[in-house]
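[1] what's the 3D shape of this:
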Amino acid sequence: MAESVYKIVELVGTSTKSWEDAAKNAVELAGKSLRELRVAEITKLDMKIEKGKVTAYRARVQLSFKYEGGK
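    Numbers count the residues shown, from 1 in each chain. Okay, the predicted model is just below:
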């Protein structure tokens, strides 16, 4: 097996439905511009509140992908 290097970025996904949708939105949008996604780790969950009601769910996600730095 060849050695590999992975980069980790932190994203915040949002959804009006759930934390799961918020995390999924972050990963799927990142997948449109990043290749070889490997692992997503949820590091924080929170909610946006307006006038005493939850209006959005937010998921902070650390996402790793294979680093393809050339020599």
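
[2] what about residue 20, neighbour count?
    By other Cβ atoms under 10 Å, 14 other residues sit near residue 20. Bear in mind the C-beta positions are built from the backbone N, C-alpha and C, glycine included.

[3] which one is it nearest to, not counting chain neighbours?
    residue 59 (8.0 Å; Cβ to Cβ, 6 or more residues apart in numbering).

[4] so who does the one you found touch?
    12-15, 19-20, 22-23, 26, 42, 44-45 (Cβ atoms under 8 Å, 6 or more residues apart in numbering).

[5] can you rerun that using 7 Å?
    Shown in contact with residue 59 (Cβ atoms under 7 Å, 6 or more residues apart in numbering): 13, 19, 22-23, 26, 42, 45.

[6] weed out the non-buried ones from the residues you listed.
    Taking 16 or more other Cβ atoms under 10 Å as the criterion, what is buried in the contacts of residue 59 is 13, 19, 22-23, 26.

[7] what is the most widely separated pair among those residues?
    The most widely separated members of these, counting by Cβ to Cβ, are 19 and 26 (10.8 Å).

[8] could you list the low-pLDDT ranges of the chain?
    1-2, 69-71 (pLDDT under 70).

[9] so which residues of it form strands?
    Here the chain has its strands, by DSSP state E, at 6-15, 37-50, 53-66.

[10] got a markdown table for those, with distance to residue 30 too?
    Output for the strands of the chain, formatted as a markdown table (distance: least, Cβ to Cβ, whole Å):
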| stretch | distance to residue 30 |
| --- | --- |
| strand 6-15 | 6 |
| strand 37-50 | 7 |
| strand 53-66 | 6 |
